[in-house]
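S.K.: next comes the sequence, and after it the predicted model I'd like to discuss.
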Amino acid sequence: DGGITQSPKYLFRKEGQNVTLSCEQNLNHDAMYWYRQDPGQGLRLIYYSQIVNDFQKGDIAEGYSVSREKKESFPLTVTSAQKNPTAFYLCASSLGWGTDTQYFGPGTRLTVL
Amino acid sequence: AQKITQTQPGMFVQEKEAVTLDCTYDTSDPSYGLFWYKQPSSGEMIFLIYQGSYDQQNATEGRYSLNFQKARKSANLVISASQLGDSAMYFCAMREGSSNTGKLIFGQGTTLQVKP
């Protein structure tokens, strides 16, 4: 089955720790995205990647980092510099650019203890 | 500035009835796409339907249809024959063709509850 997987589903982080959220897709999509969702809110863009080995900051990139070494994978690291990381994180991908539909993974819920 | 507005924080509908979820948008880009997503309590964002700015006809996907009124900048989602499984949060989103980030701009969402 083609789709987007994210792991883990739930993640707990202590203050000062870096954590990495996994996102993998087997849809052969070129573009991938990371969004953050806070309770009762829509999604905000953290980082995006149009193609392998290239990525750009979105609207709220501070305290986050990404890599895109493989077409299928776009991991997100939440660093200790992110002051309020407790949120729901969603990864998405699209075949190309422009107005192509973005498809989402099941999400990772991150809680800072 | 680009913006999506969903004015209904919560809606109720009786099972088997139709319901309309409102969405208005604002953009100066002539090329854009409008999307509706469903987010059940599990959290996954499920794509429902897409309407392109140059599409002449309203989009339909099964029980979902999009009432696209370009001059009024509205893109309302119509769900026919509501089912209990339709209870979820619904988001309207827009993506501009000229965007250099490709990001989706989301509204605040509407919570739909289907009553038996």
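M.R.: Nice, I can see it.
S.K.: could you pull out the strands in chain B for me?
M.R.: Defined through DSSP state E, the strands belonging to chain B, from first to last, are B:3-5, B:10-14, B:19-21, B:24-26, B:32-39, B:46-52, B:60-61, B:64-69, B:74-79, B:88-96, B:105-106, B:110-115.
S.K.: could you do chain A as well?
M.R.: Secondary structure of chain A (DSSP E): strands at A:4-7, A:10-13, A:19-25, A:31-37, A:43-51, A:54-57, A:64-66, A:76-78, A:87-94, A:103-104, A:108-112.
S.K.: is it possible to get TSV of these that adds mean pLDDT, distance to chain B and mean neighbour count?
M.R.: Using the backbone N, CA and C atoms, a C-beta is placed for each residue, glycine as well. As requested, the strands of chain A are exported to TSV (pLDDT from 0 to 100; distance: least, C-beta to the nearest C-beta, whole Å; neighbours: other C-beta atoms under 10 Å in any protein chain shown):
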stretch	mean pLDDT	distance to chain B	mean neighbour count
strand A:4-7	96	9	17
strand A:10-13	92	11	14
strand A:19-25	97	13	19
strand A:31-37	95	6	24
strand A:43-51	93	4	22
strand A:54-57	94	7	14
strand A:64-66	97	14	21
strand A:76-78	97	15	20
strand A:87-94	96	6	24
strand A:103-104	95	4	22
strand A:108-112	94	7	18
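S.K.: tell me which of these lies nearest to residue B:91.
M.R.: Distances from residue B:91 to each of those were compared by C-beta to C-beta, and the smallest falls on strand A:43-51, at 7.7 Å.
S.K.: CA atoms only for that closest one - export them in CSV, please.
M.R.: Once side chains and other backbone atoms are set aside, the C-alpha atoms of strand A:43-51 remain, and they are given as CSV (Å, rounded to 0.1, in the frame of the first residue of the first chain):
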residue,chain,number,x,y,z
LEU,A,43,-1.6,23.9,10.5
ARG,A,44,1.5,26.0,10.2
LEU,A,45,4.4,25.2,7.9
ILE,A,46,7.8,24.4,9.6
TYR,A,47,10.0,23.2,6.7
TYR,A,48,9.5,22.0,3.2
SER,A,49,11.6,20.2,0.5
GLN,A,50,10.9,20.3,-3.2
ILE,A,51,13.6,17.8,-4.1
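S.K.: quick check: angle from it to strand A:87-94?
M.R.: Angle, strand A:43-51 to strand A:87-94, by axes from the mean of the first three to the mean of the last three C-alpha atoms, to 10 degrees: 40 degrees.
S.K.: which residues of chain B score low on pLDDT?
M.R.: Counting by pLDDT under 70, the low-confidence segments of chain B come to B:1-2.
S.K.: close to chain A: what parts of it are there?
M.R.: Within reach of chain A by C-beta under 8 Å from any C-beta of the partner chain, chain B has these residues: B:4, B:31-33, B:35, B:37, B:42-47, B:50, B:52, B:91, B:93, B:95-97, B:101-104, B:106-109.
S.K.: any chance of a markdown table for the strands of chain B, columns mean neighbour count?
M.R.: Shown next, in a markdown table, are those (neighbours: other C-beta atoms under 10 Å in any protein chain shown):
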| stretch | mean neighbour count |
| --- | --- |
| strand B:3-5 | 16 |
| strand B:10-14 | 13 |
| strand B:19-21 | 19 |
| strand B:24-26 | 16 |
| strand B:32-39 | 23 |
| strand B:46-52 | 18 |
| strand B:60-61 | 12 |
| strand B:64-69 | 17 |
| strand B:74-79 | 21 |
| strand B:88-96 | 24 |
| strand B:105-106 | 23 |
| strand B:110-115 | 17 |
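S.K.: fine, thanks again, bye for now.
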